[in-house]
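> any chance you could fold what I've pasted below:
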Amino acid sequence: MQIDTSHRSPHFNARPPGMSVSLVVLHADGDRAISSSIAWCCDAKADPPVAYHYIIGRLGDVYQLVDPADRAWHAGVSSYGGRTDGEDSVNGFSIGICFGNSQDSVEEFTEAELAAGAQLIVNLQQIYGPLEITTHAIVAPHRKCDPAPCGPFDLQAFLARLQ
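Purely as a prediction, here's the structure:
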């Protein structure tokens, strides 16, 4: 798998001491062009400052914006299984992966991006061991709906790809 590392976001910091990666949070960007999402995540003046570890384009192109060893600011106020990283967020123990999708409830996620996302997670599991997979909508249910129900994303079908 080829990963473009030429775009770097300033929206990250160190993971909390002793906190290991155990979760992947799936997102969708809500934009029509992946280049716009990358530019926004890499803009030092973006408000709010947001970045994913990885963004996956509709053609299956993968961009790493933040090293997965660091804490990217992708989930905002969030929790998973009642757990946060001590700053009201799951960012400290998760990796954020964003799919390109307009989130207009019409645009389908492409086979290429879903396949790339599954392969990326398999690769990450070789580094970090078993990882739970969830969505932004699940970790921040009162604030977010991506990648579904805003868009037609089937988490169970996606998880089946990892088998």
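> secondary structure class for the most centrally placed residue in the chain?
Nearest residue to the geometric centre of the chain (Cα atoms, centre = their mean): Ile97, 2.1 Å. Classification of Ile97 using DSSP: H, G, I helix; E, B strand; the rest coil returns strand.
> who touches Cys98 in this structure?
Residues near Cys98 by Cβ atoms under 8 Å, 6 or more residues apart in numbering: 26-29, 37, 52, 54-56, 74. All C-beta atoms are positioned from the backbone trio N, CA, C, and that covers glycine.
> stretch 63-82: end-to-end distance?
30 Å (Cα to Cα, to the nearest Å).
> whoops, I mixed them up, stretch 5-24
OK, stretch 5-24 end separation, Cα to Cα: 19 Å.
> show me where the protein has its helices.
Assigned by DSSP state H, the helices in the chain fall at 34-42, 111-128, 136-139, 155-160.
> of those, flag the one that's most buried.
Highest mean neighbour count of these: helix 136-139, a mean of 22 (counted as mean count of other Cβ atoms under 10 Å).
> show me what that one is in contact with.
Contacts to helix 136-139, defined as Cβ under 8 Å, 6+ apart, come from residues 25-28, 74-75, 78-80, 90, 94, 144-150.
> next step: these restricted to strands.
Counting by DSSP state E, those place 25-28, 94 in strands.
> determine which two of the contacts of Cys98 are furthest apart.
Farthest-apart pair in the contacts of Cys98 is Leu26 and Ser37; separation 14.4 Å (Cβ to Cβ).
> ok, Asp154 touching Ala148?
Yes - if you go by Cβ atoms under 8 Å, Asp154 and Ala148 touch, sitting 7.3 Å apart.
> out of these two, which sits in the busier spot?
More neighbours surround Ala148 than the other of Asp154 and Ala148, with 21 against 12 (other Cβ atoms under 10 Å).
> which one of the contacts of Cys98 is nearest Ala112?
Ile56 (8.7 Å).
> so in terms of bridging, what pairs with the closest one?
Note on Ile56: beta-bridge partners by DSSP bridges are Val62, Phe99.
> mind listing what it touches?
Contacts of Ile56 (Cβ under 8 Å, 6+ apart): 62-63, 97-100, 113, 116-117, 120.
> make a markdown table out of those residues and add distance to Arg161.
Converted to a markdown table, those look like this (distance: Cβ to Cβ, whole Å):
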| residue | distance to Arg161 |
| --- | --- |
| Val62 | 15 |
| Tyr63 | 20 |
| Ile97 | 13 |
| Cys98 | 17 |
| Phe99 | 13 |
| Gly100 | 17 |
| Glu113 | 12 |
| Ala116 | 11 |
| Gly117 | 8 |
| Leu120 | 11 |
